[in-house]
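Chemist: fold the following for me, if possible:
(chains A and B)
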Protein chains: 2
Amino acid sequence: MIRIATAECFTHGKIAREIHAFSQGYPLSYKWTISPKDYRLSLIAGLFIPTISGIRKILKFEPLPPTEVVDDIKVYDESADKKMAKRMAEAIKDITRADIGIGTTAGVGRGGIAIIADNMKVISSSDVYADLRSSPATEIMKRQKSGVERALKLLEVILPHI
Amino acid sequence: MIRIATAECFTHGKIAREIHAFSQGYPLSYKWTISPKDYRLSLIAGLFIPTISGIRKILKFEPLPPTEVVDDIKVYDESADKKMAKRMAEAIKDITRADIGIGTTAGVGRGGIAIIADNMKVISSSDVYADLRSSPATEIMKRQKSGVERALKLLEVILPHI
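Modeler: Residues are numbered from 1 along each chain as shown, chains lettered A, B, ... in the order given. I've put the predicted structure just below:
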């Protein structure tokens, strides 16, 4: 059994829900190319943490200084988002002692996605540019959808190698 | 600003997502009867924690002994679900120092829903009976939908009184 935990911002916990549903045999939106027979996954926990204070209190590290803070919600550029996603993934992996930790966050840009295993780190982003401060909700949602799909695709790709 | 944090099991983090979306001005599925102008809410974090180990590692309390454990997923009866929901709500409220903590879990029965504020505790359940071990996914999903709606309705009801 491969144990997974997520700490998500712009993907709102949807990566965790897809992994949990896959592990329980009722996939949701994502079209998996792997089968629950080949990979037994367990979602330990999926944390949606949009706020600076949530990062501090639950993941217990000091976030990078954000470009902007709107109602306690952090806004980074794409480079900082990737660093933050990596730290979020590492933190939730350590806290839960998971085999794989996944972190996501997106402010201005395509966002950061990190998948951390003991023998591998994958850092990437979604395919959609958006600005949390000014883009319409439709663009924000497109970036989210792209981020969820990218994270799950990368997870499928690395599973045979961890 | 009223700060809210959730620790969810059978509602899969959907209560948190609805509250976050409301606070950001783009409501999702739930039909709110309150307006973001009347109540400024902030979702600090929404945790989906289906596993025993996730409860221990993230919420840092020892769960009640479950009726059954399936792949590290806890199964309780309705009475124990209510007690567990209360402890999950209290734990996430304490950890994040939120004004309101919300906890949910459901194994066999209608599940437990807890909303904890400094001056109030509300313990309830969904309207739908299901058995996590044997009910078809459609019934489990009906219970989830009912649980999300019940929790948000109760939140709306108590907001003027906290």
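Chemist: relative to B:Ala16, how far out is A:Lys74?
Modeler: Separation of A:Lys74 from B:Ala16 (C-beta to C-beta, to the nearest Å): 17 Å. In short, each C-beta sits where N, CA and C put it, glycine included.
Chemist: with neighbour numbers in mind, choose between the two.
Modeler: Remark: of A:Lys74 and B:Ala16, B:Ala16 carries more neighbours, 29 against 26, as counted by other C-beta atoms under 10 Å in any protein chain shown.
Chemist: any idea how far chain A is from the more buried one?
Modeler: Separation of B:Ala16 from chain A (C-beta to the nearest C-beta, to the nearest Å): 5 Å.
Chemist: contacting residues for that residue?
Modeler: By C-beta atoms under 8 Å, 6 or more residues apart in numbering or on different chains, the contact set of B:Ala16 is A:13, A:48, B:6, B:8, B:43, B:45-47.
Chemist: what's the pLDDT at it?
Modeler: What the model reports as pLDDT for B:Ala16 is 98.
Chemist: in which helix or strand does the residue lying closest to it once chain neighbours are set aside reside?
Modeler: Nearest residue to B:Ala16, sequence neighbours excluded (C-beta to C-beta, 6 or more residues apart in numbering or on different chains): B:Gly46, at 2.1 Å. Element membership for B:Gly46 (DSSP states H and E) is strand B:41-48.
Chemist: which neighbouring elements make contact with that strand?
Modeler: helix A:14-24, strand A:41-48, helix A:52-54, strand B:2-8, helix B:14-24, helix B:78-96 (3 or more C-beta pairs under 8 Å, 6 or more residues apart in numbering or on different chains; DSSP states H and E).
Chemist: tell me how far the residue of chain A most remote from its centre lies from A:Ile113.
Modeler: What lies farthest from the middle of chain A is A:Lys37; by C-alpha atoms, centre = their mean that is 24.4 Å. From A:Lys37 across to A:Ile113, the span is 27 Å (C-beta to C-beta).
Chemist: list the contacts of A:Thr6.
Modeler: Counted by C-beta under 8 Å, 6+ apart, A:Thr6 has contacts A:13, A:15-16, A:19, A:43, A:45-47, A:92, A:101-104.
Chemist: how far away is it from A:Ser29?
Modeler: From A:Thr6 to A:Ser29 the distance is 16 Å (C-beta to C-beta).
Chemist: the residue nearest to A:Tyr76 when sequence neighbours are not counted: neighbour count?
Modeler: Spatial nearest neighbour of A:Tyr76, excluding adjacent residues (C-beta to C-beta, 6+ apart): A:Gly107 at 4.4 Å. Per other C-beta under 10 Å, the neighbour tally for A:Gly107 reads 25.
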